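**Student:** Sharing a model prediction with you, sequence too.
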Protein chains: 4
Amino acid sequence: MQIGMVGLGRMGGNMRQRIRNAGHEVVGYDRNPDVTDVASLEEMVGKLTGSPRVVWIMLPIDYVQATIDTLAPMLAPGDIIIDGGNSKYTWDKAHAEQLAPKGIHFVDVGTSGGVWGLQNGYALMVGGDDADIATCQPIFDALKPAGEFGFVHAGGHGAGHFAKMVHNGIEYGLMQAYAEGWELLEKAPEVTNVREIFRSWREGTVIRSWLLDLMVQAMDADEHLEKIEGYAADSGEGRWTVNAAVELGVPVPTIAASLFARFVSQQDDSPAMKMVAAMRNQFGGHAVKAEGEK
Amino acid sequence: MQIGMVGLGRMGGNMRQRIRNAGHEVVGYDRNPDVTDVASLEEMVGKLTGSPRVVWIMLPIDYVQATIDTLAPMLAPGDIIIDGGNSKYTWDKAHAEQLAPKGIHFVDVGTSGGVWGLQNGYALMVGGDDADIATCQPIFDALKPAGEFGFVHAGGHGAGHFAKMVHNGIEYGLMQAYAEGWELLEKAPEVTNVREIFRSWREGTVIRSWLLDLMVQAMDADEHLEKIEGYAADSGEGRWTVNAAVELGVPVPTIAASLFARFVSQQDDSPAMKMVAAMRNQFGGHAVKAEGEK
Amino acid sequence: MQIGMVGLGRMGGNMRQRIRNAGHEVVGYDRNPDVTDVASLEEMVGKLTGSPRVVWIMLPIDYVQATIDTLAPMLAPGDIIIDGGNSKYTWDKAHAEQLAPKGIHFVDVGTSGGVWGLQNGYALMVGGDDADIATCQPIFDALKPAGEFGFVHAGGHGAGHFAKMVHNGIEYGLMQAYAEGWELLEKAPEVTNVREIFRSWREGTVIRSWLLDLMVQAMDADEHLEKIEGYAADSGEGRWTVNAAVELGVPVPTIAASLFARFVSQQDDSPAMKMVAAMRNQFGGHAVKAEGEK
Amino acid sequence: MQIGMVGLGRMGGNMRQRIRNAGHEVVGYDRNPDVTDVASLEEMVGKLTGSPRVVWIMLPIDYVQATIDTLAPMLAPGDIIIDGGNSKYTWDKAHAEQLAPKGIHFVDVGTSGGVWGLQNGYALMVGGDDADIATCQPIFDALKPAGEFGFVHAGGHGAGHFAKMVHNGIEYGLMQAYAEGWELLEKAPEVTNVREIFRSWREGTVIRSWLLDLMVQAMDADEHLEKIEGYAADSGEGRWTVNAAVELGVPVPTIAASLFARFVSQQDDSPAMKMVAAMRNQFGGHAVKAEGEK
């Protein structure tokens, strides 16, 4: 099968490779001349000879809309655009509706796998119509892991990105829970061997997981993480998960707590805690620390 | 009425004054010669001529047990020891039981009022036996605010400190909720006048309170709290509240969240967030910030 | 001064009364013939003789857009529409922009006061332009409480509703913190007199507030709240507060926890806890409760 | 090697089997005559012929102290008592100190594995002295999983139970995060295939884990968990984790939130939410639900 791929960064580039390794043809376009296969989107579309043509967009979210707007006039009825990036699930239905009058079909794919995907495969969560997904199945099969798992048709337009969003929301909660446990062990006077505790948990425990394996790897490189700042960025999906939960009336205390912990980690100083300190000073005469004194 | 008072710091000193203002006699002892009335505990007890004698201990928690141990042999059956400090509620029953064989009675008093207490009165939450509390009532009446509120016999030994502990736990939650709202308003691009919003809330709103008044006062001194570090100490009561709730199976999500926010504010860097950053780096190749780079 | 008021429910009806009590003229319209002054919006606008004309909309959020759409053609350049309901702050800028081409001005007002507002006044948080707010000031002065507080010009379009939204978000947190403390006291074996503890806190404590006064009132009617179900509805503002915080990157752990506690209270059974029970059963053989057995 | 084992319930019985399968001799005692090997503790100790003798206690926490008290006089200097149950870490140092004057050694073992342990092995977290652990190593090797992980010498007395406690605390957080994500997917209108989404996550995702596998198994038995009540018991370890964190000043927002979610699931009705409903009624006239109406 043949596919066009727009966006050949860390994710897109590796995905092109994995698809090619499976024997398919990928015509990749990226504005970076070092990695692109063609000079322009037009050239990419021009090289797609199948019918329908399938174009996979793998771009940062700020570029998705403009790329769809540019691509649409180059495509014909029956062609399929796949948005495989980290787009918000609410956009997918809008994109499907934008493309429908032109007869262009739309599929959303949430993709997990990170830097390990090239080797181990990418987990794919797909939203859209059965027929379109069947058309693209050879590409999905090339990308997914070798075993029986790692692919799901999650529902209609948006379901793929919704599922991926929730995957990431859960991921926030899992990471935070492990991290809290690690901090607690590091502080316990009885405990002398925190890294080896985590390593031992890799078998026979309820909490064994891939994230646990990664924690051990990180501690093998830097046992007490002394070289790493306690700063955790957050991507859109954690925020969207909490907001979707709020809109649907679903309590998500651990996912929200994990997101807020990241927010705090991103602050140089906490305005809220300034105010708490100010109130303590007002009612109790408790000394405040002057800015810079901490 | 006559009372001995041990501990004449910020709280004890003002309480001595307020009791005296009400016409009672206070023999105060403090190891600080600048504030003490007598040279020793013995001298203090020797000057108490009533029967029963009443001694009010107003000390940091680390000094309470030793003071009770020292005082007990100087007192006679029927005498009363009041622990008015921020002691843990679980100690009170133990103190009552320690003193009972000697016929000495014990009363625990949780005290609120801070630096405003001398002028406005202290809210008193009292645990112990009816008869003992009746004996001490003139002192309680001298200390409490002028109005109809501010005094309660909360229950048996420990109930006074338990009530005060919960008061402080609630206080943590209230302060955090206001502080979160303040931070949110400060970040909102639509809003230009955060301090005046808070001031306006002092009448007609659901959230008017004394803490709100204090916030406005703090902002009047430093509108955006630029001179204050976002560092909030925590006293024992917040921790005890969460632990008591956990032991009694009571969910306290906001009080616990408030306590944890203070813990985070006390850290130079967050071990947990180092681990979250390390995991993100392991699975996604997300760059970490080197320690010191933040 | 003269004003049109659309929506004469519990809030709007009392506000009409309070404005009239201050000596102003209100032409009120409601689709309920028992409370309306006029038969239609047209008749209401027709009776407004001033220039500019001012119309205050006090409607449930689902009716606001349609009412603005209907009113706009009846008004003239310079006239002012006030949205005083619980609208979302993001709508205000849209409404201002919708009306601007017609020369109609827009002011958003967040209103607090509930069933007590008629007697005590309504706290008003106002967003919009200085000149428009000056025009409406006599009405604001009629509605606000008698003292020096209770009114603020919070910022541009949307700032009034944003401030009111945050007010309600804080309110969620305050209520939850008090409620957690109450539950903890009710469960403590040492404590015998929970209601009187709360009553005593009304003076001399750090946590004294109007909400505390209301709690005592509620316990005076039903000491242990045995007649009330533990079900708490949530209005839009709590949800919007959390979502706004997430979008602005502001950690709001207590406000979010309060919102989630309400979500849980609204569920007959918790899907999440079904899954926790199912996992415990899978790994530990822990018995699950069959549905209906609880 | 030879070992005495006290307590042959679900855990102890399977552990006896696994140790025997590895070729060691176990003399097991249980008060249940159907499972015990001997009629009494005395008989059990009498059958232990090695030097030192090793006795493994695998009992519910309420029986541990009495059993140690009973066993101690039967043992000789150099003998070893292992507490392999879910005891609190703070007890271990006390037990070691209790036994030290008699020359009896103490080792604490946190054990994970549940109903899967017999087949897959038990993860062991061990606290105590090097020499004692070396003596017991053949038994640990028999119990642990076959691979290179699943055993750790975590530190001094108490470190084994501390590590197991934190393991369970993390487990609480992980389960809650997955469960929140599941509830959110079940509520999302876009998503039609929640079980298959979870199944697909078993490969290629960041959140793959043994708990995820168990969730899929539970959904295979009852896709929407309609037969299970949303009731989750909590064992001591979750509570101890939060309390240890509070004492050590470690923020554990997700672990605490998970524990509180279980507390709520255990309540027929929420006192706190009654109070929230009561306050809403007081200030806003919002109707409350009468008890039983929910």
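**Tutor:** Looks like it arrived, so ask away. Numbers count the residues shown, from 1 in each chain, chains lettered A, B, ... in the order given.
**Student:** Contacts for stretch A:153-164, please.
**Tutor:** A:83, A:86-93, A:95-96, A:106-112, A:124-130, A:133, A:152, A:237, A:244, D:185, D:188, D:190-193, D:196-197 (CB atoms under 8 Å, 6 or more residues apart in numbering or on different chains). In short, each C-beta sits where N, CA and C put it, glycine included.
**Student:** Can you select the buried ones among these for me in PyMOL?
**Tutor:** In PyMOL, a selection of the buried entries from these looks like this (16 or more other CB atoms under 10 Å in any protein chain shown):
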select buried, (chain A and resi 83+86+87+88+89+91+92+93+95+96+106+107+108+109+110+111+112+124+125+126+127+128+129+133+152+237+244) or (chain D and resi 185+188+190+191+193+196+197)
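**Student:** Restricted to helices, list the contacts of stretch A:153-164.
**Tutor:** Counting by DSSP state H, the contacts of stretch A:153-164 place A:89-93, A:95-96, A:130, A:133, A:237, A:244, D:185, D:196-197 in helices.
**Student:** farthest-separated two in these?
**Tutor:** Maximum pairwise distance among the ones in helices among the contacts of stretch A:153-164 (CB to CB): 25.9 Å, between A:D130 and A:E237.
**Student:** so what's the residue nearest to A:R208 when sequence neighbours are not counted up against?
**Tutor:** In space, and not counting its chain neighbours, A:R208 is closest to D:W210: 5.1 Å by CB to CB, 6 or more residues apart in numbering or on different chains. For D:W210, the contact set (CB under 8 Å, 6+ apart) comprises A:205-209, C:283.
**Student:** A:A261 now?
**Tutor:** By CB under 8 Å, 6+ apart, A:A261 lies in contact with A:176, A:232, B:264, B:270, B:272-273, B:276, C:251, D:251, D:253.
**Student:** same thing but 10 Å
**Tutor:** A:172, A:175-176, A:179-180, A:230, A:232, A:234, B:260, B:264, B:270, B:272-273, B:276, C:251, C:253, D:251, D:253-254 (CB atoms under 10 Å, 6 or more residues apart in numbering or on different chains).
**Student:** again with A:G236
**Tutor:** Residues in contact with A:G236 (CB under 10 Å, 6+ apart) are A:61, A:86-88, A:165, A:168.
**Student:** Show me what from the stretch 151-294 of chain A comes close to chain C.
**Tutor:** Contact residues (CB under 10 Å from any CB of the partner chain) of the stretch 151-294 of chain A with chain C: A:205-206, A:234, A:238-254, A:256-257, A:259-267, A:270-272, A:279-280, A:282-284.
**Student:** can we see that at 6 Å?
**Tutor:** A:206, A:239, A:242-243, A:246, A:249, A:251, A:253, A:256, A:260, A:263-264, A:283 (CB under 6 Å from any CB of the partner chain).
**Student:** ok, which of those also contact chain B?
**Tutor:** Applying CB under 6 Å from any CB to these, one finds that A:264, A:283 fall near chain B.
**Student:** Sort the residues of the stretch 151-294 of chain A next to chain C by pLDDT and name the bottom one.
**Tutor:** Ranked by pLDDT, those bottom out at A:F283, which has 87.
**Student:** For that one, give me its contacts.
**Tutor:** B:114, B:214, C:206 (CB atoms under 6 Å, 6 or more residues apart in numbering or on different chains).
**Student:** Show me which of those residues is closest to C:A72.
**Tutor:** C:A72 lies nearest to B:L214 out of the contacts of A:F283, by CB to CB, at 44.6 Å.
**Student:** Let me know the helix or strand that the closest one is in.
**Tutor:** For B:L214, the host element (DSSP states H and E) is helix B:210-221.
**Student:** Mind listing what's buried along that helix?
**Tutor:** Neighbour-count burial for helix B:210-221 flags B:210-216, B:218-219 (criterion: 16+ other CB under 10 Å).
**Student:** And the strands in the stretch 1-150 of chain A, which stretches?
**Tutor:** In the stretch 1-150 of chain A, the segments counted as strands under DSSP state E, counting those that start in this stretch are A:2-6, A:25-29, A:54-57, A:80-83, A:105-112, A:123-127.
**Student:** Direction included, what does the third one pair against?
**Tutor:** As defined by DSSP bridges, the strand partners of strand A:54-57 come to strand A:2-6 (parallel), strand A:80-83 (parallel).
**Student:** how about the ones you listed in JSON lines, adding mean pLDDT and distance to A:A22?
**Tutor:** Compiled in JSON lines, the strands paired with strand A:54-57 are given as follows (pLDDT from 0 to 100; distance: least, CB to CB, whole Å):
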{"stretch": "strand A:2-6", "mean pLDDT": "98", "distance to A:A22": "11"}
{"stretch": "strand A:80-83", "mean pLDDT": "98", "distance to A:A22": "16"}
